[in-house]
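generate coordinates for the sequence data below:
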Amino acid sequence: MRIAIIGAGNVGTTLGRAWAKAGHEIVYGVRDRSPTPHEGARVDSVRGAASAGEVVALVVPWAAAGDALAEAGDLARKPLIDVTNPIGPGFALTLGHTTSGAERVAALAPSARVVKAFNCTGLETMANPAFGARRALMPVAGDDADAIATVARLASDIGFEPVALKALARARELEPLAKLWIDLATRLGHGRNIAFGIARREGADRAPPARTAARRRVAIVGSGNIGGALARAWLRAGHDVRIVTRDASAKDVAELAALGATTAPIAGGAKDRDVIAFAIPAGAVVDVARAMGGLAGKIVIDCTNAIAKGFTLKFGHTKSSAEEIAKALPGAKIVR
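Here you go, the predicted model:
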C-alpha cells in the first residue's frame, strides 16, 4: 500500500521506516524537498504526497495541523490517520471531553475518512511494539468501518495489537490516554520504553495475592460488583474489611460477611478504619461521606466515575469528580 506521511519529523519517519520494512511504499509530504529520510521512501510536496497516497497519515505538531491539511487539498475519501495530540503549553490538553483533536481534524478535512491512531505511545514502541511475547495495544477509532479496518491492518503490519473502536468521538478518550503516557514516561519515572496493553487471564484459578506488610482496616461503602470484588480481594490478602451499608441483611452483604467481613451502618462507618473506599454511584459519594463523618486525616479511595447519560464523562480536562469530592471533604486524603 502507498502511504503518504505528512510530516517528516521523528514520529513520521519512525512510522515510515516501520511501514517500509513491512513492504509498504512511503512518500513524505514536506514543504521543503529535504533528503529522503530512509530507504524505500521518497519525498514530495504536501499536496503531491497526499494525492499519491492511498492512505494519508497526519504527523505534524498540533499547531501546524490546519495549515498542513489546507496544503494537502482534497483527500477524496481516503483514510486519514490522525497521529496528532492537541497538547499546548505545560503539556496540557487544549480540548476536552466534549470534542477532540481528531474531530477538529475531520472538520478541517471533510473529504477524508479520519481515523485516530498511533497517538498514545512513543517512538520506541512505534519502532518495536513487541514486549516479550506480547504486543503493545493500538486503539483505532473512526466513523468509517473500512477506514478503521485499513488502519488496523497497518497497525498489525508493524507489530501492534490493534483494537477497533467505532466512532471518531472515542478520540476524546484516546487523546487523554496520550497525555497519561507522556506523564508516565517523562514525569513519573517509568521511561519511554512503556506501552499500554490488554491483560488477558488464562483460566480462572489464581493464587491469592501477596499480603502487604501491614494489615489494613478497610471500610468499603458499597457491596455491589465493584465493592464486592474489592472486599473479596482484600479479605484474601488478609485485611480487616468492613462493609458500610444501609441494609446489613442484604444478600450481597451477607455473602461478604460469610467470608469474614464485618458490617456497619453509614453513620460512624469510618470509625477505627485506616482506609475508606467508595464504590457507589459518583453522585451519592459526597452525601454519604458527610453522613459517615470522621473522614478527616483518613485515606479515602474514590473508585467512582462521574458518567452522565450516553456514557459520557460529566467532567472535562479542567477538573475531575475526585477533585470535586476533595473540595467537599476537607482534611480527607483523597486517592483516585
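
from now on I want contacts and neighbour counts done on CA atoms only, so please keep to that.
OK.

now do the buried residues in stretch 187-196.
Applying a neighbour-count criterion of 16 or more other CA atoms under 10 Å, the buried positions in stretch 187-196 are 192, 194, 195.

so which of those comes closest to residue 118?
In terms of CA to CA, no member of the buried residues of stretch 187-196 lies closer to residue 118 than residue 195, at 11.4 Å.

please parse the chain into its domains.
Under automatic domain parsing, the residue ranges defining each domain of the chain are 2-187, 217-335.

next, count neighbours for residue 40.
16 (other CA atoms under 10 Å).

phi, psi for it please.
Geometry field for residue 40 lists phi and psi as phi 90, psi 10, criterion degrees, to the nearest 10.

could you identify the helix or strand that succeeds the helix or strand bottoming out on mean pLDDT in the chain?
Each helix and strand of the chain was given a mean pLDDT (mean pLDDT, DSSP states H and E); the minimum falls on strand 312-313 at a mean of 78. For strand 312-313, the succeeding helix or strand toward the C-terminus, using DSSP states H and E, is helix 321-328.

in that following helix, what counts as buried?
Buried-residue list, helix 321-328, by 16+ other CA under 10 Å: 321, 322, 325, 326.

tell me what the next helix or strand after it is packed against?
Following helix 321-328 in sequence order, the next helix or strand is strand 333-335 (DSSP H and E). Identification of packing neighbours for strand 333-335 by 3 or more CA pairs under 8 Å, 6 or more residues apart in numbering; DSSP states H and E yields strand 299-302, helix 321-328.

the ones you listed: which one's closest to residue 256?
Evaluated with CA to CA, those place strand 299-302 nearest to residue 256, the distance being 19.6 Å.

partner strands of the helix or strand that that closest one is followed by, parallel or antiparallel?
The helix or strand immediately downstream of strand 299-302 is strand 307-308, counting by DSSP H and E. The strands that strand 307-308 pairs with in its sheet are strand 312-313 (antiparallel) (by DSSP bridges).

residues in contact with the partner strand?
By CA atoms under 8 Å, 6 or more residues apart in numbering, the list of residues contacting strand 312-313 from outside reads 97, 305, 306, 307.

hang on, the earlier thing: save the buried residues of stretch 187-196 as CSV, and put in pLDDT and secondary structure too.
Formatted as CSV, the buried residues of stretch 187-196 follow (pLDDT from 0 to 100; DSSP: H, G, I helix; E, B strand; the rest coil):
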residue, pLDDT, secondary structure
192, 95, coil
194, 97, coil
195, 97, coil
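
quick check, nearest of those residues to residue 162?
Relative to residue 162, the closest of those is residue 195; by CA to CA it sits at 13.0 Å.

can you pull out the helices in this protein?
In the chain, the helices defined using DSSP state H lie at 10-21, 46-52, 65-72, 101-108, 123-127, 145-157, 171-182, 225-236, 251-258, 285-292, 321-328.

quick one: list the elements packing against the shortest one.
Okay, so that is helix 123-127. In terms of contact count using 3+ CA pairs under 8 Å, 6+ apart, helix 123-127 is assigned the packing partners helix 10-21.

mind checking which of the helices of the chain is nearest residue 115?
When the helices of the chain are compared for distance to residue 115 using CA to CA, the nearest one is helix 145-157, at 6.4 Å.
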